[in-house]
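Q: fold the following, please.
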Amino acid sequence: MTMLSCVTCQANSALGGSDAVGWSIFFLLIVIVLVAASIVFFMVRLALRAKKCAMEEEAALVSETPVAP
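A: Numbers count the residues shown, from 1 in each chain. Okay, here's the model as predicted:
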């Protein structure tokens with residue numbers, strides 16, 4: 001796991017605890033990926049809901065306009 005760490009972490013791992021350093025880097029990577037994925041998920045969800053709302057509003061406006069004889 002020391003190959004995944006930066007130079008500072010590699011120097012500190014030489015003193016011991018290299019397994020803990022590797023796991024902490026792995027855990028932080030997972031946290032960052034989950035936060036980024038949740039942000040993307042909610043942005044897509046908001047975009048889809050806005051599109052659906054706009055389509056419903058447009059359909060309501062079309063149904064209200066009278067048809068010329």
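Q: list the helices and strands the longest helix anywhere in the chain packs on?
A: Counting by DSSP state H, the longest helix found in the chain is helix 18-64. Other elements packing on helix 18-64 under the criterion 3 or more Cβ pairs under 8 Å, 6 or more residues apart in numbering; DSSP states H and E are helix 7-13. Placement of C-beta: from N, CA and C, glycine included.
Q: for the record, mean pLDDT for the helix it packs on?
A: Averaging pLDDT along helix 7-13 gives 62.
Q: what's the answer for stretch 44-54, then?
A: 94.
Q: not counting it itself, show me its contacts.
A: Stretch 44-54 has contacts (Cβ atoms under 8 Å, 6 or more residues apart in numbering) with no other residue.
Q: please save the CA atoms from it in CSV.
A: C-alpha atoms of stretch 44-54 as CSV (Å, rounded to 0.1, in the frame of the first residue of the first chain):
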residue,chain,number,x,y,z
VAL,A,44,-29.1,15.0,-12.6
ARG,A,45,-32.2,14.5,-10.4
LEU,A,46,-32.9,18.3,-10.3
ALA,A,47,-32.4,18.6,-14.1
LEU,A,48,-34.8,15.8,-14.8
ARG,A,49,-37.4,17.2,-12.4
ALA,A,50,-37.1,20.7,-14.0
LYS,A,51,-37.5,19.2,-17.4
LYS,A,52,-40.6,17.3,-16.3
CYS,A,53,-42.1,20.4,-14.7
ALA,A,54,-41.4,22.5,-17.8
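Q: check which residues of that stretch are buried.
A: Buried residues in stretch 44-54, counted by 16 or more other Cβ atoms under 10 Å: none are found.
Q: likewise stretch 54-65?
A: For stretch 54-65, it's none, nothing buried (16+ other Cβ under 10 Å).
Q: and what of stretch 21-35?
A: In stretch 21-35, counting by 16+ other Cβ under 10 Å, buried: 21-22, 25.
Q: reformat those as a markdown table; add distance to residue 47 and pLDDT.
A: Shown next, in a markdown table, are the buried residues of stretch 21-35 (distance: Cβ to Cβ, whole Å; pLDDT from 0 to 100):
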| residue | distance to residue 47 | pLDDT |
| --- | --- | --- |
| 21 | 40 | 76 |
| 22 | 38 | 80 |
| 25 | 33 | 87 |
